[in-house]
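K.L.:
Fold the stuff below for me.
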Amino acid sequence: MKNKLTTLLVTVVLCIVSSTTLLAQKFTTHAVKRGETLYSVAAKYGVSTESILKYNKEIKEGDSLPINTILVVPEAKSKNVSNTSDVQNLMKNVMQDSVKTREPIGFTSHKVRKRETLYGIAKRYNVTEDEIKKYNKQLYASQLKKKMEIRIPKYRKVAEKENSIDPDAYEKYTVAPKETRWSIAHKYGITIDSMLVLNPSLSQNTNYLAEGYELLMPKIAGSTVAEQQTQLYTSYTVPAKMNFYRLEKEFGVKADEIVRLNPEITQRGGLKEGMVIRIPETKLAPGEINTDNYIFYEVKPKQNEFRLTRKFGISWADLVSLNPDLKNGLNAGMILKLPKEQVGNFEVRNSLILDKVNLLDSVNTAIRPKVMFMLPFRLDKLDLSDSEKVAWAIENRNSLKFSLGLYSGALVALDSLAALGVSIDVKTFDNQLDTDKTKEILAGERLSEYNAIFGPLDELSMKEVAVQAANYKVPVVAPVRAKSDISLNNVFFSYTDDDLLRKHMVDYVKKNYTDQNIVIIADDKSRLAQDMLVRSFPNAKVVKVKEEEKNIGINREKLGGLLSETQENWVFVESDNFKLISSVVSILNAFNNSLLDMEKSTEKLKLRMFTTDHNNGFENDVISSTHLSNLNFTYPSVYREVSANSFVTRYREKFGEEPDKYAVRGFDVTYDILLKLAYTNNLMEAAKFIGTTEYAGNKFDYAKDATSGYFNQASYIMAYEDMRIKQLE
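P.N.:
Now for the predicted structure:
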């Protein structure tokens, strides 16, 4: 054990004193030329066809190779291909669609200054980042560097026409309850991008849309006189005593639209009996398309009829009936609606259908992320030559224990990415649990070059890192529990919030509840949890906890009086006081499968124990695991139990022992970050369309908060059963 700890600390020291590049197997890229085949390419580079197929999942043996297809080739021996050039061409092909096709009238030379970013330079010269890259192709493969000279394109200024937007073609739309950006975009038949252009005040970083928010939207077809020729409508004879309210209820059409379609109503001073008016045959009332009724999907580039019908498990005819605009063709950016109960091989979050991405099959080996690890090892307080003191420090100093556990798991994640062919540029720092040291480290680094920062652990240092990194749009990942008052858009809170864990537990109980007798035992510190449970289960019975200066507990007889002999008893225990928890667990275990009244009772009591907050109090050594198993103790958790898998095997080989939960977390958080960076090189973009990911012992499902960062929504429901801990959900 001591040798292992010393080895790990030496590894940390070596990583801290120098920047580490974890190089994977060497690769090059090859652009397919006319007449080339898989076999000819393999022969050219002296590799097998199988090795090329392994790193190019979209190619199958026997397929013809389209011209200009970019292949990743391992262990290339030929010198005829320039790796840098091919990477640049690859990135150029990927990015060229997003660059506006306008020709420059000249160029300006710009020398990059310290800490300048591509984003800032683009803003300064009023061009896009892609337009700068288009004329500085080296930026497709490398980062900006100080004193680098780049060309900035200059474009002819286009004078905006006065009144270029016809006010009669647009209207203000007020967001109704349960509506989303996607439901409104579908209602108006436009893309999300078009909505953002019309409403530049909408946030680019979050999909949040507040009820009552006013949007500028194009008028729906048929709402202008010119469009009435193509709008289908029904002739309707106005009966006696008809009014606009009854018309709206009957046909789902607002009064102002009826008046627009029938000018004679205004001319004759209102609706008159016998008047023949036009009513649109298909008109959507505000709020009809919302999250209560539908889920929504944004069509991606290159998707076709076959892919969509297979993805959603629905026929094309049914899809067209739900989305009539499909008759005019399928286009990227279209918003499609599906029934809320629709099932298929997809994930839904906030009523938006997310594409399931297999990150392991989607890594781009041309991407080389740069990641900073900043953890409080506090090496300045350790004498590595004294193994006894080092071992004591690890056992008794939480910051060191957490840091070593997290970092050891992260090192295994880095090795795993290298095995996939991804090279990671890594820098590791010891911030010594000191805000001043943190500032010193940040001052010496070009943050704009980083793709992510892992840590630090203390709140003040985390805030400092988050604030500075936000200037360069660099994401900061909180690997352990962190306070969410760090209200910055670039923080990824990887540890699921306590409120979400409680909600998951309550939802699980509600889903499985039939007629059980619910009892709540909560101390004063857990009053909020008690109130939440009482609101969720109004018939629940509450046991009073006696809290004295030195003692805390419950009255056994009073608890017995609240238990049911005919129903199963579900008992919630809400506290972080191990003395109270231990006492309650012992009492409940004694009651379980016993007769409440030996003289009168014939039925044995059945008890099951729950909590909405599985804190350290439940893990104290005085609490019997046997009793917890007897009570089928059930709780929400960020972690699940780790079985033997490739991570555990790699960890044993590297460090010679089993990983603890901090090592598991370090691996999972790091592996998740790196896989996403190897796919998109942008964590914030990945969070928009990559749903739940799951690894050795943790899962992640990041959702952007309206005013803060990205919060992990995922958690497990775990239970003790037959002396083992089992995942229930």
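
K.L.:
What backbone torsions are found at S183?
P.N.:
phi -70, psi -40 (degrees, to the nearest 10).

K.L.:
Surely it and K337 touch.
P.N.:
Yes: the pair S183 / K337 is scored as a contact, 7.5 Å apart, by CB atoms under 8 Å. C-betas here are computed from N, CA, C, even on glycine.

K.L.:
With neighbour numbers in mind, choose between the two.
P.N.:
Legend: neighbour count by other CB atoms under 10 Å for S183 and K337, higher for S183 (26 against 20).

K.L.:
Show me what M374 bridges to in the sheet.
P.N.:
F429 (DSSP bridges).

K.L.:
so what's it up against?
P.N.:
T428, F429, N431, T438, I441, I453, F454, G455, P456, S461, V465 (CB atoms under 8 Å, 6 or more residues apart in numbering).

K.L.:
wait, which of the residues you listed is closest to Y155?
P.N.:
I453 (35.4 Å; CB to CB).

K.L.:
other SSEs contacting the helix or strand harbouring that closest one?
P.N.:
Element membership for I453 (DSSP states H and E) is strand 452-454. Contacts defined by 3 or more CB pairs under 8 Å, 6 or more residues apart in numbering; DSSP states H and E place strand 452-454 against strand 370-375, strand 476-478, helix 661-680.

K.L.:
ranges for the helices of the stretch 401-550 of the chain?
P.N.:
Remark: helices assigned in the stretch 401-550 of the chain by DSSP state H, counting those that start in this stretch are 435-443, 459-470, 498-512, 527-536.

K.L.:
chain center to the third one, what's the gap?
P.N.:
With CA atoms, centre = their mean, to the nearest Å as the basis, the distance from the averaged C-alpha position of helix 498-512 to the chain average is 20 Å.

K.L.:
Let the chain start at 85 from now.
P.N.:
Renumbered: residue one is now 85, and that last one reads helix 582-596.

K.L.:
What residues sit buried inside it?
P.N.:
Under the neighbour-count criterion of 16 or more other CB atoms under 10 Å, helix 582-596 has D582, L584, L585, R586, K587, H588, M589, V590, Y592, V593 buried.

K.L.:
will you turn the residues you listed into a markdown table that also has distance to L436?
P.N.:
Formatted as a markdown table, those follow (distance: CB to CB, whole Å):
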| residue | distance to L436 |
| --- | --- |
| D582 | 26 |
| L584 | 19 |
| L585 | 24 |
| R586 | 25 |
| K587 | 20 |
| H588 | 20 |
| M589 | 26 |
| V590 | 25 |
| Y592 | 24 |
| V593 | 28 |
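
K.L.:
what bridges to Y257?
P.N.:
Beta-bridge partners, per DSSP bridges, of Y257: L299.

K.L.:
The strand or helix carrying L643 - contacts with which helices or strands?
P.N.:
Using DSSP H and E, L643 sits within helix 640-646. Judged by 3+ CB pairs under 8 Å, 6+ apart, helix 640-646 is in contact with strand 601-606, strand 625-627, helix 662-675.

K.L.:
Let me know which of those is tucked in deepest.
P.N.:
Comparing the helices and strands packed on helix 640-646 by mean neighbour count (mean count of other CB atoms under 10 Å), strand 601-606 comes out on top with a mean of 23.

K.L.:
Run through who's touching that one.
P.N.:
613-614, 617-618, 621, 623-627, 629, 638, 643, 646-648, 651-659, 668.
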